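Undergrad: Sharing a model prediction with you, sequence too.
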Protein chains: 2
Amino acid sequence: MGVGLREVAARAGVSVGTVSNVVNGRATVAQEYVDRVNEAVLALGFVRNDAARALRSGTSRTVGMVLPDGSNPFYSNVALGACNAAMLNNNIVLVGNSNNEPEREVRYVDAFGEQRARGIVIASTGNVYDRLDQFAKGGMPSILLGPDVDERFSSVAPDDALGGRIGVEHLIGTGRRRIAIVGGPMSLRVLADRLAGANQAIAKSNGAVTLQVFDTTDRTILTGRRVGEQIIGLTAGFRPDAVFAMTDLLAIGLMQAFDAHQIVVPREIGIVGYDDIDFASTLSVPLTSIRQPMEIIGARAVDLIEAQRADPVTRQHMTVEPTLVSRASSRP
Amino acid sequence: MGVGLREVAARAGVSVGTVSNVVNGRATVAQEYVDRVNEAVLALGFVRNDAARALRSGTSRTVGMVLPDGSNPFYSNVALGACNAAMLNNNIVLVGNSNNEPEREVRYVDAFGEQRARGIVIASTGNVYDRLDQFAKGGMPSILLGPDVDERFSSVAPDDALGGRIGVEHLIGTGRRRIAIVGGPMSLRVLADRLAGANQAIAKSNGAVTLQVFDTTDRTILTGRRVGEQIIGLTAGFRPDAVFAMTDLLAIGLMQAFDAHQIVVPREIGIVGYDDIDFASTLSVPLTSIRQPMEIIGARAVDLIEAQRADPVTRQHMTVEPTLVSRASSRP
DNA sequence: CTGAAAGCGCTAACAT
DNA sequence: ATGTTAGCGCTTTCAG
């Protein structure tokens, strides 16, 4: 930008060291000098050069975050929580969006590595772990988001089994006994966990049964609607009185199908969704849903970065608990 | 990270200049040396130090983006488009989320300024313009997102008047004549523009009238539902046969209200929304909506950054055109 | 409490 | 085609 410490120093009639001290709000500089320096900074339009600072001091104020999907509210809320936590230490969070493309993921990871970020928080498919490990050896830790732990990194993940459990427990607690479960594919760890939790709740109950598990290939509204039609097609004896949907989108699709066939929710069938997306509360029948503590996940991840920098050897695997948000769709 | 060009050079038995050339894929280095250097890079876990590069070469590969709301799909898609465009020049886009807080906005702007980013793309409320202008003097341009132009910066904005016009023209084209318009507050420039465009379409039509403008304080589903109830309460002669909603959320609320009172869309009343959010297509009556070219906005902004760097004096104010996505909610 | 000076790791110009 | 070297702008001793 042209104007550096030197120019400011010249104009203020002090040394660069003094200017540096003023600019960084450090210790004891005579008030008179402080004023003169500030005047010069303003007049000259001086902007600190972070590249030079980072080079010299070897440390950055930036936490890098690599996320697979910018339009997924889950991730944007995680990012928000991370940002809040970083602010407390006077750091900032910069987000790179890999758009689910491994190639972009690598680019962002490299960029943060080369920038010598404080650390990287990443929800990854796994192919950059070696690189991240290399960075770690150089003192730049990475934190994994999600349940697929790797021994080399600390991680934070929501407890999906717990989520599945409390969702179904709630349905059972409101008097339902004939539970259907909708979601998939089960090769996704988070969904398998939710299913396991759901089954666990049913096993512990007295008298509730898993009527059917609809293993879907995706979790869209359309798929939910299709499953809904299937459920409606069931003869009365085989129809569930409650369904646990593994995402809110699925739940919304189910509701649309039930609504189209005058099956009233929650009287004839109770529904619990998962994620508590914004829409959940504003549906014509507001949706009971499992809410993930998204901002806490982000905050914990940032905390783990600092913890890891302080103590590079210990690894922590944190788990955060989802909560049930009860609304009309599951009322007794 | 400890290991630098020097260590690599030592191990490979070449000079730092040569290593630099290899690492940056430059020109003519003997294949034998290339191999030796690459071996050393791998063995030592060398990672380029971007701070040093930026300091020395005075230029960065990072485009900074400051957005007010990470969970708004509009902005995440703009960011995606920006990212795509940046990739073409081998740059990357890093996003800072101000969460609508001026204080954070300033922090991100400062951070990008200090990092000497290639430029800043920002959807701002306006209080950082002076700072951005200062950066511009130092050779780091900023591009404004949105209709509020400032003479000092180039900008790119969707043409909201056009959006309003094509939305209402479509409604009129499908035979509707009694148009209601829902949205607000009109102090927001984008909404005022949409209204102006809508009115323009009505003025040009033969026989269509603006029955009523519902000026709302926000644009949520709940508000849409409330307006819907009002519309239902109208005596038959005053009830519109079409409504242009300034956001899809409003449109969804309207639909919920109409649905609850057995008013069938589109037969009794046609609806056009705005934004084409993901939900629009999966509603039980899919919603006709005005789609903003979000990714193009982001791409143009990144292009403008480069244009501005090449020619710091000219300012450009670009406008991009929304399109109508026709679905069931507005069928004749 | 302030000034002077030595680099941080890299690039690019120049010399070989 | 490769090696040498002078800084980029800053922080941080170390003297004064």
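TA: Cool, got the structure. Treat the numbers as computed from the prediction; the structure is a model and nothing was measured.

Undergrad: Only C-alpha atoms from now on, for both contacts and neighbour counts.
TA: Will do.

Undergrad: Tell me where chain A has strands.
TA: Counting by DSSP state E, chain A has these strands, from start to end: A:62-67, A:92-97, A:119-122, A:142-145, A:154-158, A:178-183, A:209-215, A:242-245, A:270-274, A:288-291, A:317-320, A:323-325.

Undergrad: Give me the number of neighbouring residues for A:L304.
TA: Residues near A:L304, counting by other C-alpha atoms under 10 Å in any protein chain shown, number 25.

Undergrad: so what's it scoring on pLDDT?
TA: According to the predicted model, the pLDDT of A:L304 comes to 97.

Undergrad: ok, back up a step: any chance of the strands of chain A in JSON lines, with distance to B:L283, mean pLDDT and mean neighbour count too?
TA: Compiled in JSON lines, the strands of chain A are given as follows (distance: least, C-alpha to C-alpha, whole Å; pLDDT from 0 to 100; neighbours: other C-alpha atoms under 10 Å in any protein chain shown):
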{"stretch": "strand A:62-67", "distance to B:L283": "28", "mean pLDDT": "97", "mean neighbour count": "25"}
{"stretch": "strand A:92-97", "distance to B:L283": "28", "mean pLDDT": "96", "mean neighbour count": "26"}
{"stretch": "strand A:119-122", "distance to B:L283": "33", "mean pLDDT": "97", "mean neighbour count": "28"}
{"stretch": "strand A:142-145", "distance to B:L283": "32", "mean pLDDT": "97", "mean neighbour count": "26"}
{"stretch": "strand A:154-158", "distance to B:L283": "30", "mean pLDDT": "97", "mean neighbour count": "24"}
{"stretch": "strand A:178-183", "distance to B:L283": "20", "mean pLDDT": "98", "mean neighbour count": "24"}
{"stretch": "strand A:209-215", "distance to B:L283": "22", "mean pLDDT": "95", "mean neighbour count": "16"}
{"stretch": "strand A:242-245", "distance to B:L283": "18", "mean pLDDT": "98", "mean neighbour count": "29"}
{"stretch": "strand A:270-274", "distance to B:L283": "17", "mean pLDDT": "98", "mean neighbour count": "29"}
{"stretch": "strand A:288-291", "distance to B:L283": "19", "mean pLDDT": "98", "mean neighbour count": "26"}
{"stretch": "strand A:317-320", "distance to B:L283": "33", "mean pLDDT": "96", "mean neighbour count": "17"}
{"stretch": "strand A:323-325", "distance to B:L283": "23", "mean pLDDT": "98", "mean neighbour count": "18"}
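
Undergrad: Now do the residue nearest to the spatial centre of chain A against A:V302, distance only.
TA: Residue closest to the average C-alpha location in chain A (C-alpha atoms, centre = their mean): A:V78, at 3.3 Å. Relative to A:V302, A:V78 is positioned 10 Å away (criterion: C-alpha to C-alpha, to the nearest Å).

Undergrad: nearest to B:E103, of the strands of chain A?
TA: Ranking the strands of chain A by distance to B:E103, with C-alpha to C-alpha as the measure, places strand A:92-97 first at 12.3 Å.

Undergrad: So which elements touch the closest one?
TA: Strand A:92-97 is packed against strand A:62-67, helix A:73-88, helix A:102-114, strand B:92-97, with contacts defined by 3 or more C-alpha pairs under 8 Å, 6 or more residues apart in numbering or on different chains; DSSP states H and E.
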